[in-house]
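> sequence first, then the predicted structure:
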Amino acid sequence: MIRRFLPLAAGLLASGLGFWVTLNWIPGFIMSRAMDQMESRGAAANSVTHVPPVTEASRTVVRPSPDILYSICPYDLSQGPLLIQARWPRSGGYASISLYDSRTNNIFTLSDRDTGRAPVIWLDQPGAAPVPDGAIAVRSPTETGLVLYRRIVEDPSMVPAANAERRSFMCDGQ
C-alpha cells in the first residue's frame, strides 16, 4: 500500500520544491544577473545611466521599443536613502518612473498621467529616516533594486527635446 503512495509523495515534493524555486530563487537570480550586466556597462549604484536611444541592433532589453527612451538607476539602500527626481514631459508624450526590488517585484510606479507636478520620491527601507516635505515616501522591502525612467517619444523629431527632459531624472544618495 505504501509503495503506491511513494510516487505521489515524490511528485508532490518535486512540485512543492519547483514552486518554491520559481517564486523565491528565480526572480532574485534574474535581477542579480540584470544588475551585474548593468554594472559591467558602467551603471553605478545610486546614480543614473541614460541609455542611448534604441535601434534595431539593441538587445539589452528584450524586444526594445525605438520610441521609448530609458534611464536606469540601480539602488543600494545600505548606503542610505535615495532621493529620486524627474521632470515630466512638457510637449506631450508619456513618462513614468517604476521602482523594482531585488526580486523583480514592482514596488511603485508613477506617471505624468498620475500627477501633474514633477515627482520627488524618497526611497528608503521600512522604519528608516523621516521623509522630506513634499516627497512621496516609498519603502523598499529589499536593500537593492532598480529605478527605471521611461519616456515615450511619438514623433522622431521630438527625440532631442525628450532626451534633454529625461536627463533631469536624478537618483541622489542621502
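Now that the structure is in, tell me what you want to look at.

> can we go C-alpha only for contacts and neighbour counts from here?
OK.

> ok, the residue found closest to residue 129 once you drop the neighbours it is linked to in the chain - contacts?
Among residues not flanking residue 129 along the chain, residue 81 sits closest, at 7.6 Å (C-alpha to C-alpha, 6 or more residues apart in numbering). Neighbouring residues of residue 81 by C-alpha atoms under 8 Å, 6 or more residues apart in numbering: 122-125, 129, 173-174.

> can you turn the buried part of those into a ChimeraX selection?
The ChimeraX selection below is limited to those of the contacts of residue 81 classed as buried (16 or more other C-alpha atoms under 10 Å):
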select :122,123,124,125,173
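
> redo the contacts of residue 81 as JSON lines? Include distance to residue 73, secondary structure and pLDDT.
JSON lines is the format used below for the contacts of residue 81 (distance: C-alpha to C-alpha, whole Å; DSSP: H, G, I helix; E, B strand; the rest coil; pLDDT from 0 to 100):
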{"residue": "122", "distance to residue 73": "14", "secondary structure": "strand", "pLDDT": "91"}
{"residue": "123", "distance to residue 73": "12", "secondary structure": "strand", "pLDDT": "90"}
{"residue": "124", "distance to residue 73": "14", "secondary structure": "strand", "pLDDT": "88"}
{"residue": "125", "distance to residue 73": "17", "secondary structure": "coil", "pLDDT": "82"}
{"residue": "129", "distance to residue 73": "21", "secondary structure": "coil", "pLDDT": "70"}
{"residue": "173", "distance to residue 73": "11", "secondary structure": "strand", "pLDDT": "73"}
{"residue": "174", "distance to residue 73": "15", "secondary structure": "coil", "pLDDT": "63"}
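
> from the contacts of residue 81, which is closest to residue 43?
Nearest to residue 43, judged by C-alpha to C-alpha, of the contacts of residue 81 is residue 173 at 14.6 Å.

> neighbours around the closest residue to the closest one other than its chain neighbours, how many?
Excluding its sequence neighbours, the residue lying closest to residue 173 (C-alpha to C-alpha, 6+ apart) is residue 82, at 4.6 Å. The number of residues packed near residue 82 is 22, by other C-alpha atoms under 10 Å.

> from residue 171, how far off is the residue nearest to residue 129?
Residue 81 is 10 Å from residue 171, where distance means C-alpha to C-alpha, to the nearest Å.
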